[in-house]
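Student: next comes the sequence, and after it the predicted model I'd like to discuss.
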Amino acid sequence: MRPLRYSINVTLDDCCHHEAGLPPDEESMRYWTAQLARADALLFGRVTYEMMASAWQKPATGTWPDWMDEWQKPFAETIDRAKKHVVSSTLSEVDWNAELVRGDLAHAVQRLKQEPGEGLWVGGVTLPLALADLGLVDEYEFLVQPVLAGHGPTLLAGLHERIQLELVDRHELRSGAVALRYRPRRVTA
């Protein structure tokens with residue numbers, strides 16, 4: 001069964017709004033490019049899908065926009081070509097190499113996890129909370145930014161039950177950000 005990895009940027013005070021951390025730099029973009037490359041497919045909720053598509057979907061011209069620096073292009077290429085699954089009850093169609101996921105979330109994600117491959121990657125806020133509550137997240141990866149945001153949505157706010165985690169990897173970036181990767185501890189009776 002391929003693992004489901006939840007990855008997100010988060011500030012020291014637990015804010016996970018995409019504009020609350022540090023602006024992406026070359027090192028963090030290389031890091032996220034490598035993490036995305038480990039996934040067979042990406043799993044997004046509607047909001048994250050639309051936000052990511054607006055920034056990272058290659059224009060119909062086939063040329064990346066002028067605002068994009070050369071060091072951002074490997075990330076853009078990786079996310080643009082990735083297979084995507086979008087959980088939404090409001091969208092009637094998706095593009096950008098994506099398919100809609102409908103119906104029972106637990107069943108649909110279990111089916112995706114049972115497909116052969118290296119893993120699924122999920123980002124965002126609302127969908128990962130639902131997946132964590134269902135016990136479907138196999139790894140949590142937080143790129144902790146050295147910023148205090150003071151406001152904004154917080155990580156996994158509203159989680160129904162505490163999830164004990166075990167640290168499996170730690171990587172420091174020159175910016176002061178720290179990537180922390182955890183797996184849920186399996187409680188045995």
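Tutor: Ah, there it is.
Student: ok, which stretches of this protein are strands?
Tutor: With DSSP state E as the criterion, the chain has strands at 4-11, 41-45, 83-87, 98-101, 120-122, 139-145, 165-172, 178-184.
Student: contacts for the fifth one, please.
Tutor: Residues external to strand 120-122 that are found in contact with it (C-beta atoms under 8 Å, 6 or more residues apart in numbering): 2-7, 35-36, 38-44, 85, 112-113, 128, 131, 137. No exception for glycine: its C-beta is placed from N, CA and C like everyone else's.
Student: what of the last one?
Tutor: For strand 178-184, contacts defined as C-beta under 8 Å, 6+ apart pick out 31, 135, 137-144, 163-173.
Student: chain center to it: distance?
Tutor: Using C-alpha atoms, centre = their mean, to the nearest Å, we find the averaged C-alpha position of strand 178-184 to lie 13 Å away from the chain's own average C-alpha position.
Student: and what of the shortest one?
Tutor: Here the centre of strand 120-122 is set off from its chain's centre by 6 Å, with C-alpha atoms, centre = their mean.
Student: neighbours around residue 157, how many?
Tutor: The local packing count at residue 157 equals 11, with neighbours defined by other C-beta atoms under 10 Å.
Student: look up how far residue 178 lies from it.
Tutor: Spatial separation of residue 157 from residue 178 under the definition C-beta to C-beta, to the nearest Å is 21 Å.
Student: what of residue 113?
Tutor: Residue 113 sits 28 Å away from residue 178, going by C-beta to C-beta.
Student: what's the answer for residue 72, then?
Tutor: Computed with C-beta to C-beta, the distance linking residue 72 and residue 178 is 22 Å.
Student: next one: residue 89
Tutor: For residue 89, the distance to residue 178 under the criterion C-beta to C-beta works out to 36 Å.
Student: which one of those two has more residues nearby?
Tutor: The neighbour comparison of residue 89 against residue 178 (other C-beta under 10 Å) goes to residue 178, with 15 against 9.
Student: who's in contact with residue 35?
Tutor: Residues counted as contacts of residue 35 (C-beta under 8 Å, 6+ apart) are 5, 7, 121, 141.
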